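Chemist: My questions concern the predicted model and sequence given below.
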Amino acid sequence: MRRITRALTAVAITAAALTTTGITSAGAAVTGDWAGCPSGAVCLYPQDQNPASSPSAVYWSYGAHNLSGQYGNHWVLNNQTGGAHAHLCRNSGGGNCVYDIPAQNGVYYDLGPINSITLDRP
């Protein structure tokens with residue numbers, strides 16, 4: 001039952017994000033804040049905050065960002081622009097990345113085994 005609830009919540013947040021982000025008539029994405037995450041940033045939300053509304057960490061610069069004390073399920077939203085990706089990595093310093101988050105996407109993920117997030121240029 002929890003999996004179904006999480007899946008439905010993920011679908012609802014993704015639908016809301018797509019509605020909020022939108023597409024212009026020229027096909028370019030319209031950027032803006034998403035669930036409190038500023039345009040151009042990657043945001044990490046507190047454990048079990050569902051739906052995501054107020055980030056506990058906001059990352060702006062490209063490269064690896066080490067995590068500390070993050071366990072359980074967290075939303076990670078990639079609100080970067082221009083096609084930049086974010087990756088969840090098992091090792092500190094951005095090594096052994098196991099999950100790719102494309103721009104304008106998010107994931108509800110168990111961060112227990114995750115030790116860093118990378119922000120990568122397109």
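Modeler: That came through, no problem. What you are looking at is a predicted structure, and each value in this text was computed from that prediction instead of being measured.

Chemist: And the residue nearest the centre of this structure?
Modeler: The centroid of the chain falls nearest to residue 77 when counting by Cα atoms, centre = their mean (1.9 Å).

Chemist: how near is that residue to residue 95?
Modeler: 23 Å (Cβ to Cβ, to the nearest Å). The way it works is simple: take the backbone N, C-alpha and C, and place the C-beta from them, glycine included.

Chemist: Which parts of this protein are helices?
Modeler: Taking DSSP state H, the helices of the chain run over residues 2-21.

Chemist: Name the spans of it whose pLDDT lies under the cut-off.
Modeler: Within the chain, the ranges that satisfy pLDDT under 70 run 1-31.

Chemist: Could you pull out the strands in it for me?
Modeler: Residue ranges of the strands in the chain, as given by DSSP state E, are 42-44, 57-59, 63-66, 73-78, 85-89, 97-101, 105-110, 116-120.

Chemist: And those: which comes nearest residue 35?
Modeler: The closest of these to residue 35 is strand 73-78. By Cβ to Cβ, the value is 6.1 Å.

Chemist: how far off strand 85-89 does that closest one point, in degrees?
Modeler: 150 degrees (axes from the mean of the first three to the mean of the last three Cα atoms, to 10 degrees).

Chemist: quick one: strands adjacent to strand 73-78?
Modeler: Sheet pairing for strand 73-78, assigned by DSSP bridges, gives strand 42-44 (antiparallel), strand 105-110 (antiparallel).

Chemist: who's in contact with that strand?
Modeler: 6, 13, 17, 34-35, 37, 42-52, 55, 84-86, 88, 101-111, 117 (Cβ atoms under 8 Å, 6 or more residues apart in numbering).

Chemist: Narrow the residues you listed to just the buried residues.
Modeler: Buried members of those, scored by 16 or more other Cβ atoms under 10 Å, are 13, 17, 34-35, 37, 42-47, 49-50, 52, 55, 84-86, 88, 101, 103-109, 111, 117.
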